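A.B. asks: Below is the structure, and that's it, no one-letter string:
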């Protein structure tokens, strides 16, 4: 019945598709018979495999999945599984999982393959939508990958268990009420409210108690804030057997404690002040006293803030308003009452609360609480007693944009080395604050004007985008910091000075702004000094810090800007060492640059100083085209060598002089002794007849032998006596052959 064959063509086809179900019967077996006209028959067996189509949807193993989680805790994952009856190992049975609905805040994630559902982070019962009643209802979809894909969904219920992690908090720090002195038992005084943010009882069920100050005259009961509500308020009323007496005690100050019923218990407290009023017939009532109103600072004196009205059932009522007390707050911090005194006044007759004659300043006070009292002067019980009622009016001060931004830190005069301005940006730091709040106190720095005063004192307007300002807010304060940087390259040959106008603006309306100018001097490349060093660029880079310190000491304690260290064109010395050139600028914080010529001269003139000697020791060999310097150790050795040589030469000269003097003295004495001997011998020789012969003119010699008495006389050698005993005339030779001249 499932298949049929054409009796003519033999084509096999499906007769009833409803019979084909791979999941029920994946294979069919059949015999096909062929018969010819002569009645002969032949048959062939067939095996028909049924192919799978995606006709089965994924089925979850459970109708509903339920899990119980505790808030703010790590919880176990939920395993969600589904099966598909289509053929295994095909896309028809390949199932993926996804969260289809119910996860509006992305609290959960599911693994698409395994179906493991986990919590993203921690669940907080208090942050859940109250309408969920602590329960997440997710819809998880399982979908196969067939064509077309089929899917099914399942409901996942996650119930979040509320923990007692919230404390009851009173809605007001102080409650004020008034009670007539003849109040009977059960007389309502005031309600206090301390809601608990926990979402389920008993954690959010709050009870109230009077801790102190009642003196047995008051009691408090917790009642629902509304019918069926789990939020309770504490109603304070007059207790039975009370002894309220206006003349005895006019004020009761009670401490009220609110405690939740969770485990462990959590509690907080507040203060309730009860004014006891004197009784006559009827008590006046304040019929229009808002809990809070808003008022801008700097309001015009006399301008109305709110109108408070009162009512008294007495026909002869004489109602008067006054402010009996006031409290000042800066945020939640109580401030001295005198700070906001006379900020607001009330018209005693109309009850209109208006601005007083003292200017309201949001920056000093943000909230004022006025105790407004209504008195009926006509219901006097005694001369000094009146019947009154009181209420608290809270005035929230709103900020007006009434303060200009104030610069707290302004940059001093700056210096920019033009050559490296873009590589080593000029940083200037400014700080400003605004006494306003919120948007009125949000500040932004900007460069609003840039002027270049050239060296010839001509001022040229420049593009303000040459400099940029970055604004950063400080944490928890209204202080903002502006950092300035250079965004564009500056001509290295440019000199002069920039006059930079920086403006700080707030975000208020109307916008308020403050500007300041400061000067940044430009140091041009004409002031660049080149220093020669022995050593590689890497070696000099490593010593740059020490070199900078000693250069500063050498050149007037100026600021040293090392812009580059390069290999010298002559890369090695005769000894084979590397050579480098350091490019340096010298300037002062007031913008004055040390010229190249001056810096070179100061360094050359300071060769003998400790700083320059240290520079030479660090490898400095010269400045620009000036003379070279030597290492102080080598110079000392050379100096010592020169001293030794000089000393040796001096000693040699002294020795030579002494030897010469000695030789000369010896010869002089020999001549003197010879002369004396000759004179003595001449005395002993008898006078001889006069010699014939002509005398040689100009001498004591004669033309014939023996004509001179001493001629050819024998010479006697005298011994060296070893001492000197002569005068200047003695130094003249007395040898008859010498030229004797007497001065």
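C.D. replies: Ah, there it is. From a predicted model like this one, the values you see are computed outputs, not experimental measurements.
A.B. asks: Could you check the lengthiest strand in the chain and say which residues are buried?
C.D. replies: Ranked by residue count and defined by DSSP state E, the top strand of the chain is strand 559-572. Neighbour-count burial for strand 559-572, counted by 16 or more other Cβ atoms under 10 Å, picks out 559-563, 565, 568. Bear in mind the C-beta positions are built from the backbone N, C-alpha and C, glycine included.
A.B. asks: burial of residue 622, as a residue count?
C.D. replies: Residue 622 has 19 neighbours, counted by other Cβ atoms under 10 Å.
A.B. asks: Report the secondary structure state of it.
C.D. replies: Following DSSP: H, G, I helix; E, B strand; the rest coil, the label given to residue 622 is strand.
A.B. asks: I'd say it and residue 530 touch.
C.D. replies: No. The pair residue 622 / residue 530 is not scored as a contact, 9.2 Å apart, by Cβ atoms under 8 Å.
A.B. asks: just to revisit the earlier point, downstream neighbour of the longest strand of the chain in the secondary structure list?
C.D. replies: strand 578-587 (DSSP states H and E).
A.B. asks: the inter-axis angle of that following strand versus strand 559-572?
C.D. replies: In terms of direction (axes from the mean of the first three to the mean of the last three Cα atoms, to 10 degrees), strand 578-587 departs from strand 559-572 by 160 degrees.
A.B. asks: For strand 578-587, name the packing helices and strands.
C.D. replies: With contacts taken as 3 or more Cβ pairs under 8 Å, 6 or more residues apart in numbering; DSSP states H and E, strand 578-587 sits against strand 414-417, strand 513-523, strand 529-534, helix 537-542, helix 544-554, strand 559-572.
A.B. asks: chain center to it, what's the gap?
C.D. replies: The chain centre lies 34 Å from the centre of strand 578-587; the measure is Cα atoms, centre = their mean, to the nearest Å.
A.B. asks: Where do the domain boundaries of this structure fall?
C.D. replies: 3-49, 59-161, 174-277, 285-398, 406-523, 528-625 (the TED database).
A.B. asks: Rebuild these as TSV, extending it with distance to residue 649 and mean pLDDT.
C.D. replies: Converted to TSV, these look like this (distance: least, Cβ to Cβ, whole Å; pLDDT from 0 to 100):
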stretch	distance to residue 649	mean pLDDT
domain 3-49	124	79
domain 59-161	96	83
domain 174-277	104	91
domain 285-398	89	86
domain 406-523	52	85
domain 528-625	26	85
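A.B. asks: Export these to CSV and append columns for distance to residue 639.
C.D. replies: Putting these into CSV (distance: least, Cβ to Cβ, whole Å) gives the following:
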stretch, distance to residue 639
domain 3-49, 111
domain 59-161, 80
domain 174-277, 89
domain 285-398, 74
domain 406-523, 39
domain 528-625, 12
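A.B. asks: Ok, which of those comes nearest residue 668?
C.D. replies: domain 528-625 (51.5 Å; Cβ to Cβ).
A.B. asks: can you give me the strands in the stretch 1-150 of the chain?
C.D. replies: Taking DSSP state E, counting those that start in this stretch, the strands of the stretch 1-150 of the chain run over residues 3-5, 12-14, 27-35, 41-49, 59-60, 64-70, 78-79, 82-83, 95-101, 108-110, 116-119, 135-144.
A.B. asks: Quick one: list the elements packing against the longest helix seen in the chain.
C.D. replies: As assigned by DSSP state H, the longest helix anywhere in the chain is helix 632-684. The elements that helix 632-684 packs onto, with contact taken as 3+ Cβ pairs under 8 Å, 6+ apart, are helix 610-617.
A.B. asks: Of all the residues in the helix it packs on, which ones are buried?
C.D. replies: 611-616.
A.B. asks: How far does it sit from its chain's centre?
C.D. replies: With Cα atoms, centre = their mean, you get 39 Å for helix 610-617.
A.B. asks: hang on, residue 449 packs against residue 502?
C.D. replies: No. Between residue 449 and residue 502 there is no contact under Cβ under 8 Å: 9.0 Å.
A.B. asks: Counting neighbours, go ahead and name the busier of these two.
C.D. replies: Shown here are residue 449 and residue 502; by other Cβ under 10 Å, residue 502 has more neighbours (24 against 14).
A.B. asks: Could you double-check that the more buried one lies in contact with residue 450?
C.D. replies: No. Using Cβ under 8 Å, residue 502 is not in contact with residue 450; the gap is 10.1 Å.
A.B. asks: roughly how far apart are residue 564 and residue 531?
C.D. replies: The gap separating residue 564 from residue 531 is 11 Å, by Cβ to Cβ, to the nearest Å.
A.B. asks: related to what we said a few turns ago, how far off helix 610-617 does the longest helix of the chain point, in degrees?
C.D. replies: 100 degrees.
A.B. asks: Tell me who's in contact with the residue nearest to residue 213 when sequence neighbours are not counted.
C.D. replies: Nearest non-adjacent residue to residue 213, counting by Cβ to Cβ, 6 or more residues apart in numbering: residue 254, 3.6 Å away. Listed by Cβ atoms under 8 Å, 6 or more residues apart in numbering, the contact set of residue 254 reads 210-214, 218, 236, 271-274.
A.B. asks: Next: residue 120.
C.D. replies: 106-109.
A.B. asks: Got the phi and psi for it?
C.D. replies: Torsion angles at residue 120 (phi, psi; degrees, to the nearest 10) stand at phi -90, psi 100.
A.B. asks: what do you get for residue 527?
C.D. replies: Torsion angles, degrees, to the nearest 10, at residue 527: phi -100, psi 10.
A.B. asks: Please name the nearest non-neighbouring residue to it.
C.D. replies: Closest to residue 527 by Cβ to Cβ, 6+ apart is residue 593, at 4.5 Å.
A.B. asks: I'd say that neighbour and residue 523 touch.
C.D. replies: Yes. Here residue 593 reaches residue 523: they are 4.8 Å apart, a contact under Cβ under 8 Å.
A.B. asks: Name the residues contacting each of these two.
C.D. replies: 585, 587.
A.B. asks: Show me the strands in the stretch 151-300 of the chain, by range?
C.D. replies: Going by DSSP E, counting those that start in this stretch, the stretch 151-300 of the chain shows strands at 151-161, 174-180, 188-193, 206-212, 218-224, 232-238, 251-260, 267-277, 285-288, 292-296.
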